[in-house]
Every structure is written in C-alpha cells, then in structure tokens.
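**Student:** Need a 3D model of the following:
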Amino acid sequence: MLVVSRKEHESIRIEPVEGLDPSMTLREAFAQGAILVKLVHIGHRRVRLAIEAPPTLHVRRSGTSVETQAAPGSADADGHRRRTAGI
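**Tutor:** Okay, the predicted model is just below:
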C-alpha cells in the first residue's frame, strides 16, 4: 500500500510492472485483486490517498522530480511512512 499526499494538478501513475507478459489479459493481471483507492484525509490544499494494487502493477507518484515506486514499510517522498496493513 502506498499512502501519498497530492496537491492540485499532481498525479499518480498505475502501470504494469517491468517484465510483465504483454499477452496477459486484464483478468489475469487483476486475479489477485482490484486497485483500491481510499481518500484518508482532506486538508486545506491537499488530499491524502491510500492506494493498494495487485503485485502486477506499480503505483508511482507523478508531478514530482523523481517518481518513486511503492515499497512496503519505506518512507515516501514526503517523508511519511507507508503502511503495509489495512487502512
């Protein structure tokens, strides 16, 4: 799970992991679950989203100088810890 804060016009990218078989169907790619996006906080100028995706997909930040990959238990670009359990 990736927990990320986003301001207006910032985005996230959800894309296949590198090396994923291009002949894989959507049914196969989502066999281990759907993408879950949960709004966990609304602030004055930003929102905080928690995103879970199957292991066949990467969830990355866009709109920053460096795109980072979700990694369980590591800190995000905002210095916040990622949660690895339910929200």
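**Student:** Need the phi and psi values for R46.
**Tutor:** Dihedral angles of R46 (phi, psi; degrees, to the nearest 10) stand at phi -150, psi 160.
**Student:** Please name the bridge partners of it.
**Tutor:** With DSSP bridges as the criterion, R46 is bridged to K7.
**Student:** please begin residue numbering at 431 from this point
**Tutor:** Renumbered: residue one is now 431, and that last one reads R476.
**Student:** any idea how far P484 is from it?
**Tutor:** 27 Å (Cβ to Cβ, to the nearest Å). Just so you know, the C-beta spots here come from the backbone N, C-alpha and C atoms, and that holds for glycine as well.
**Student:** again with I442
**Tutor:** According to Cβ to Cβ, I442 stands 16 Å off from P484.
**Student:** Looking at these two, which has the bigger crowd around it?
**Tutor:** Neighbour comparison, I442 and P484: the larger count goes to I442, with 17 against 14 (by other Cβ atoms under 10 Å).
**Student:** Pull up the gap between the more buried one and A461, please.
**Tutor:** Counting by Cβ to Cβ, the gap from I442 to A461 is 22 Å.
**Student:** Same question for E438.
**Tutor:** According to Cβ to Cβ, E438 stands 35 Å off from A461.
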